[in-house]
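J.: Pasting a predicted model and its sequence here:
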Amino acid sequence: MNIGQVDRHAGRSPLRTLDPRCKILAIAAFVVMVALLRDWHVLAFALIYVVALLSVSGVPARHLAGQFALALPFALLGALSVFLAAGPLPAFAMFLRIGSCVLALLMLSGTTPFFDLLKGLQRLRMPRLFVNLLLFTYRYLFVIAGEMRRMSVARRARGGRRGRSLLDRAAMRTVSFSAGMVLVRAHERGQRMHDALRSRGFDGEIRTITRFRAGAAEALFSVAVVSFAVLLLAAEWGVLPRA
Amino acid sequence: MGGAAASVIDAEGLSYTYDDGTVALRDITLSVRKGERVAVVGPNGAGKSTLLHILAGLRPAGRGTLRLFGEQLSRRNERDLRARLGVLFQDPDDQVFMPRVWDDVAFGPVNLGLDARTVRRRVRRALEAAGLAGYDERVPHRLSYGERKRVAFAGVLAMEPEVLLLDEPTANLDPRNRRDLLKMVNALNKDGTTVVTATHDMGAIAELADRVYVLDGTIVRQGTVREIFMDPQLLEARNLEIPEITKLFHLLGAFGYDPGELPLSVDQAIEQLERTMEEGGGHVHLHLHRHGHALPGGPDGKPAAGKDHGHEHGA
């Protein structure tokens, strides 16, 4: 995955301006409820609904397909294990369940800049260690990726080669040395960064003055996402009157 | 006090040893007064960054005492005292840790507990001062090195520190960013900010400092910039050199030009040339003659004999 792709489309989505707290809560509720569904018919509706929501989210289908492809092996593995234990229909239901949940989460990440997402999580009182770790990982992933790129260029400039496969001994040696080097550099940078944080008054908590405001648009979005999941759950549990 | 400005940094007998047992600093005693521009110079590995971090209260010295703003640094007051110091690290990526420029610059003021309106005002002013107006929503990993350095500097400015500690501020900067940074620092100094710079960029020292400590594990010499620059043995022994502009004016002496007091910066050189031209009816006269010369920063200060310089007559 190219980390430069993160946030690439989030800024342009019409859903971008929505309060991230509402998006997080609504989509988390949707995911939990979909995870409780068993019937593949109902799950198919869930998947169709998420795809419909994504179609108005403004996130390009190609980008979504690329992101979904990363989760596909896990979805297939989950479906396969259910297939072996319970047969084809439960396996299909598992695939639909995982697919719906992943796409819903992709809608969240695809329409919300990562930093806003973190601020939303912070406002929702997620543990600060967790939020801080995500924040610094996100920022320094790009720095470390840059360092790795420069190391790779330097290696090639001195005649280093990639190797034909991971079974290539020389390639493995190079990869392991590079990984070690990156770890050492990341550790040193971490120490310098800690000094920099302290020099600017950091005491373990990242504060922000951003104020989110939930209004009619947020209410509409939340109702649209959550109510449909509730309807699906009610349909499966037989709460709804049958036609 | 006798009219002397109050001391903002007082270090006495500071020593520091790395975890592996290497002694980085020995018996450092120095003092910086309010509003001063002080440089700590020395070769690579002299301990400049380590000293700066100790002075900023980020690293405890193994031995010695450190007083900041007249108070002995301790666990009880280190956070309050640190808030009055601004540190610009050598690598901006160590310092720009928020994923958006605005939030990074606001990081310090928010931690100081300022209200939202003050934070916004400070951030706007810092971004403007650093030449980053309109960069609010930009992400650091998409900025050039020079721009990231400006973001780091804006983050320090937004804290409105009384003392600015700069670690190799001009390293890796292109000429324009370098010039802008020096200008910004000097503007702050004019407004009363004390500036302490650790560097081996001798060209920058002439523009950033009035007083210099030469460090090589310990303080080997202190004096005005001119006193240090005019000591070739000292510079040679510590792998340091005078600025190119000073070298050029020294060489002009071989062409019959009397520079009087050698300029240490481009600004001083321009001033001197203008003065010479005023006195010379709008001309600077140079003459051709055979001449051996020695640069103040040359090996042992001995004349580089046998070299010919000059031309017929320049005006």
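T.: Perfect, I can see it now. Only a predicted model underlies this, so the values are computations on that prediction, with no experimental measurement involved.

J.: show me where pLDDT drops low in chain A?
T.: Where chain A drops to pLDDT under 70, the residues are A:1-11, A:162-166, A:240-243.

J.: Tell me, how many residues neighbour the residue in it that chain B sits nearest to?
T.: Nearest to chain B, among the residues of chain A, is A:G201, at 3.1 Å (Cβ to the nearest Cβ). Where C-beta positions appear, they are placed from N, C-alpha and C, glycine not excepted. Counted by other Cβ atoms under 10 Å in any protein chain shown, the residues lying close to A:G201 total 19.

J.: and if you look at B:V185?
T.: Neighbours of B:V185 (other Cβ under 10 Å): 23.

J.: next helix or strand past the helix or strand it falls within?
T.: Assessed by DSSP states H and E, B:V185 sits inside helix B:175-190. Proceeding N to C from helix B:175-190, the next assigned helix or strand is strand B:194-199, under DSSP H and E.

J.: Can you give me the buried ones in that next one?
T.: For strand B:194-199, the neighbour count (16 or more other Cβ atoms under 10 Å in any protein chain shown) marks B:T194, B:V195, B:V196, B:T197, B:A198, B:T199 as buried.

J.: Check the secondary structure at the residue of chain A closest to chain B for me.
T.: Secondary structure state of A:G201, per DSSP: H, G, I helix; E, B strand; the rest coil, is coil.

J.: and the gap between it and B:G113?
T.: 8 Å (Cβ to Cβ, to the nearest Å).

J.: what does A:L220 give?
T.: As judged by Cβ to Cβ, A:L220 and B:G113 stand 37 Å apart.

J.: The residue in chain B that chain A sits nearest to: what's it in contact with?
T.: Relative to chain A, the nearest point of chain B is B:N111 (3.1 Å; Cβ to the nearest Cβ). For B:N111, the contact set (Cβ atoms under 8 Å, 6 or more residues apart in numbering or on different chains) comprises A:R200, A:G201, A:F202, A:D203, A:R207.

J.: In the residues you listed, which residue is surrounded by the most others?
T.: A:R200 (23 neighbours).

J.: Is B:G223 located within a strand, as I assumed?
T.: Yes. Membership of B:G223 in a strand is supported by three-state DSSP.

J.: which residue sits closest to it in space, ignoring its chain neighbours?
T.: In this structure, B:G223 finds its nearest non-sequential neighbour in B:V212, 6.3 Å apart by Cβ to Cβ, 6 or more residues apart in numbering or on different chains.

J.: Just list the residues touching the one you found, thanks.
T.: Shown in contact with B:V212 (Cβ under 8 Å, 6+ apart): B:V38, B:A39, B:V40, B:V41, B:I205, B:Q222, B:G223, B:T224, B:V225, B:E227, B:I228.

J.: let's go with 10 Å and repeat that
T.: Contacts of B:V212 were listed using Cβ atoms under 10 Å, 6 or more residues apart in numbering or on different chains, and they are B:37-41, B:197, B:202, B:205-206, B:221-229.

J.: Show me what it bridges to in the sheet.
T.: Beta bridges link B:V212 to B:A39, B:G223, judged by DSSP bridges.
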